[in-house]
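S.K.: Provide a 3D model corresponding to the input given below.
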Amino acid sequence: MDYFPIFMNLRGRRALVVGGGEVAARKLDLLLRTGAQVTVVAPRLCAEVQTLVDEQRLEYHRRGFHSLDVTAMTLVIAATDDGAVNRAVAAAAQYRDIPVNVVDAPADSSFIMPAIVDRSPVMVAVSTGGTSPVLARLLRARLEGWIPEAYGRLARFLGRMRGQVNERVNASHRRRFWEALIEGPVGEAVLSGRERRGEALLEQSLSATGSQGGTGEVYLVGAGPGDPELLTVRATRLMQQADVVLYDRLVSAAVMDKVRRDARRIPQGLVRDTL
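M.R.: Numbering: from 1, shown residues only. This next block holds a predicted model:
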């Protein structure tokens, strides 16, 4: 893993964009969606950025970059067509340990911008570590077709219901409860726009479940010759849902990477002592 994936809360925080062209405009659109307080420094602006200035959606300084411009910023983006200016922006930000992205220059950046699928509050980010932005965009296009807009509605619904689920379902059984909820009739009702129906079905599930847990299940998954690409879809799903995974030394690390990260993993040689 070359980069640590992270989502940053910029609402109400200051962000600097150096540059006023079309590339800067695309970055500004994303930053403004987050609720950031954006400042632009550039001697000239394209029509799109000028419109944002006219609408008073950001602060604008019509001049060249100065190293003090990064002061008190939470995030900085260099988006000019001058490599020397971009490097100066990066140096000033990194000197103050401020995250900085230089467009199309991963080597000069402390973070890179992923391709984004926006189903707010659901966000999916795809990155190739700066090696192939075109591939990242192609993958994003595939994900956009697979993740309907309605998933944002489902996420908001689940957020509203979270409190009462936490009150009425034992902590040790919540994950499975949520999985059954999302993949069952409740999730289907909400995705199809019938939220009241979803609430009624949720209440039925809570009444039936209470704080009692269900019966555990055991599955035997064949890992094959060690190539994770050869795992069946069902095998992968079960590995990602399991609470405890028993495995032997013949199972490859690549296959074990498919296991849910917070699942308990027990090597076969330790099974007898553990159980």
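S.K.: So residue 198 is in contact with residue 184, correct?
M.R.: No: proximity of residue 198 to residue 184 does not meet the contact threshold set by Cβ atoms under 8 Å, at 10.4 Å. To be clear about C-beta, it is placed using only N, CA and C from the backbone, and glycine gets the same treatment.
S.K.: So the two - more neighbours on which side?
M.R.: Between residue 198 and residue 184, residue 198 has the larger neighbour count (other Cβ atoms under 10 Å), namely 24 against 12.
S.K.: Can you give the contact residues for the helix or strand where the more buried one lies?
M.R.: If you go by DSSP states H and E, residue 198 is part of helix 195-209. Applying Cβ atoms under 8 Å, 6 or more residues apart in numbering, the contact partners of helix 195-209 are 153, 157, 161, 164-165, 168-169, 173, 177, 180-181, 185-187, 189-190.
S.K.: Who does residue 122 form a beta bridge with?
M.R.: In this structure, residue 122 bridges to residue 119 when assessed by DSSP bridges.
S.K.: Tell me, how many residues neighbour it?
M.R.: Here the number of neighbours of residue 122 (other Cβ under 10 Å) works out to 15.
S.K.: do you know how far it is from residue 63?
M.R.: From residue 122 across to residue 63, the span is 40 Å (Cβ to Cβ, to the nearest Å).
S.K.: One more: residue 115?
M.R.: Distance, residue 115 to residue 63, by Cβ to Cβ: 32 Å.
S.K.: what about those two, which has more around it?
M.R.: residue 115 (20 against 10).
S.K.: Which pLDDT value belongs to that one?
M.R.: With respect to pLDDT, residue 115 has a value of 92.
S.K.: residues in contact with it?
M.R.: Applying Cβ under 8 Å, 6+ apart to residue 115 gives the contacts 125, 126, 127, 133, 136, 137, 139, 140.
S.K.: Can you verify my assumption that residue 121 contacts residue 157?
M.R.: No: when contacts are counted by Cβ under 8 Å, residue 121 is not listed as touching residue 157 (10.9 Å).
S.K.: Those two - which one has more neighbours?
M.R.: When residue 121 is set against residue 157 and neighbours are counted by other Cβ under 10 Å, the residue ahead is residue 157, at 19 against 11.
S.K.: Which residue is the nearest non-sequential neighbour of the more buried one?
M.R.: Here the nearest residue to residue 157 in space, its sequence neighbours aside, is residue 190; by Cβ to Cβ, 6 or more residues apart in numbering that works out to 4.8 Å.
S.K.: Confirm the one you found sits in a helix?
M.R.: Yes: residue assignment for residue 190, taken from DSSP: H, G, I helix; E, B strand; the rest coil, places it within a helix.
S.K.: Sweet, I'm off.
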